[in-house]
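# What would the 3D arrangement of this be:
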Amino acid sequence: MTAACNCASRWPCNSTGWLAAPRDRSSGFSSPKPGSIPSASLPAVPLPCRGSAMTDLLTLTPTQYSLVLNVLNLSIGAFGAFGLLFILLRRNVARNYSIAISLMAAVAAMAAYHYFRLYGSWLDAYALQGGQYVPTGAAFNYVMRYADWLGTVPLLLSAIMLVLDLGRQQSASLVTRMATSAGLMIGLGYIGEVQGDNLGGRAVWGLLACVPFLYILYVLWGEMSRVLSFESVRVRQLFSRLRWVLLASWVFYPVIYALPILGISGPNVLTLVQFSNSAADLLAKVGVGLLILGIAREKTEEDLAAASRTTITPTAVPVPVAAD
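Residues are numbered from 1 along each chain as shown. So this is what the prediction gives:
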């Protein structure tokens, strides 16, 4: 989907939707903007027109640039480590609950890959010049976040539904509804994200994305509350924490999404957006994943305890001894 060519720039947009930089015929490189990186040091790269309010790159201080770079780097390591942890610990839970742990391992692996791509894209998007980090012309691939969410959020919600082992039919219904709602939520949000300067369109698509979002919350707090009435006190406590941790992480996303609509922008906002998205992803995937693991282990212990109570222990039958 090509964004409308409406960049406020002295460089004209060409028919492909990219910002066409004037070229120096003698050197074959694009003529640099005043104060930008000399063209001799970097080859000409087409600058994308505004396709998303979150992909517009601004000059950053070393602190701002490093903060984003470090949180992306931290996220790669955290997702990789916890993905391995989930794989190793899935054998410590009963088979009925291990599929939920396997799904969380897949979520962590997918997140590690996408954050590796984001890390590389952030490195390519900036270069140090005069003590500041300035855009190189290479676009920061913010869409990679939506690609990550489109894969990981449905899997995350599926793991939440499956860890309770509610039976084949009920589990299948919950997983289908939750995964579909998650896909719609992410897809509608992405359409709004690429509206560029059309802030009205961004707001409309954002409101539409709230419909499946609210449905997911209804299932977690409505339907699941009735289901949890049959669970132990400890499982209910863990699931309650899980819901609140998930909601706390998800609160970041609509706030970040609404910033361009509210006219809030600037280098500090750009830094805050990238940092907050990463922090929210860590909380949702790692925090919720650990609570899913806790529920699986608790239910495994409860199943073992129930099995031991129902095991019939043979009683010793006295053998009569013949009298002498």
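
# The longest helix along the chain: what's the following helix or strand?
In the chain, with assignment by DSSP state H, the single longest helix is helix 95-125. Once the chain leaves helix 95-125, the next helix or strand it forms, by DSSP states H and E, is strand 126-129.

# after that following strand comes which helix or strand?
Where DSSP H and E defines the elements, the next helix or strand beyond strand 126-129 is strand 132-135.

# quick revisit: and the longest helix of the chain, how far from the chain's centre?
9 Å (Cα atoms, centre = their mean, to the nearest Å).

# tell me which residues in it are buried?
By 16 or more other Cβ atoms under 10 Å, the buried positions in helix 95-125 come out as 97-119, 121-122, 125. For glycine as for every other residue, the C-beta is placed from the backbone atoms N, C-alpha and C.

# So which elements touch that helix?
helix 62-89, helix 143-162, helix 267-282, helix 288-310 (3 or more Cβ pairs under 8 Å, 6 or more residues apart in numbering; DSSP states H and E).

# how about the ones you listed, which one is nearest Ala182?
helix 143-162 (4.4 Å; Cβ to Cβ).

# before we move on, back to that, worst mean pLDDT among the helices and strands packed on helix 95-125?
Mean pLDDT values for the helices and strands packed on helix 95-125 show the minimum at helix 288-310, a mean of 91.

# got the buried residues for that one?
Those buried within helix 288-310 under the rule 16+ other Cβ under 10 Å are 288-300.

# ok, of these, which one's closest to Leu166?
Looking across the buried residues of helix 288-310 and measuring by Cβ to Cβ, the closest to Leu166 is Lys299, at 11.2 Å.

# For the helix or strand hosting Thr176, buried residues please.
Using DSSP H and E, Thr176 maps to helix 168-193. Buried residues in helix 168-193, counting neighbours by 16+ other Cβ under 10 Å, are found at 171, 174-175, 177-179, 181-193.

# quick one, that helix and helix 143-162 angle?
Orientation check (axes from the mean of the first three to the mean of the last three Cα atoms, to 10 degrees): helix 168-193 against helix 143-162 gives 160 degrees.

# Run through the neighbouring helices and strands of helix 168-193.
helix 143-162, helix 199-218, helix 252-258.

# Comparing those helices, which comes out most buried?
Among these, ranked by average contacts under mean count of other Cβ atoms under 10 Å, first place goes to helix 143-162 (a mean of 22).

# Make TSV from the helices and strands packed on helix 95-125 and add distance to Tyr215 to it.
Formatted as TSV, those follow (distance: least, Cβ to Cβ, whole Å):
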stretch	distance to Tyr215
helix 62-89	27
helix 143-162	11
helix 267-282	20
helix 288-310	18
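
# CA atoms of stretch 99-107 as PDB?
What follows is stretch 99-107, C-alpha atoms only, in PDB (Å, rounded to 0.1, in the frame of the first residue of the first chain):
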ATOM      1  CA  ILE A  99       1.100 -26.700  24.400                       C
ATOM      2  CA  ALA A 100       0.600 -23.300  26.000                       C
ATOM      3  CA  ILE A 101       4.200 -23.200  27.000                       C
ATOM      4  CA  SER A 102       5.300 -24.200  23.500                       C
ATOM      5  CA  LEU A 103       3.200 -21.400  22.100                       C
ATOM      6  CA  MET A 104       4.900 -18.900  24.400                       C
ATOM      7  CA  ALA A 105       8.300 -20.200  23.200                       C
ATOM      8  CA  ALA A 106       7.200 -19.500  19.700                       C
ATOM      9  CA  VAL A 107       6.000 -16.000  20.700                       C
END
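
# Alright, that wraps it up for me.
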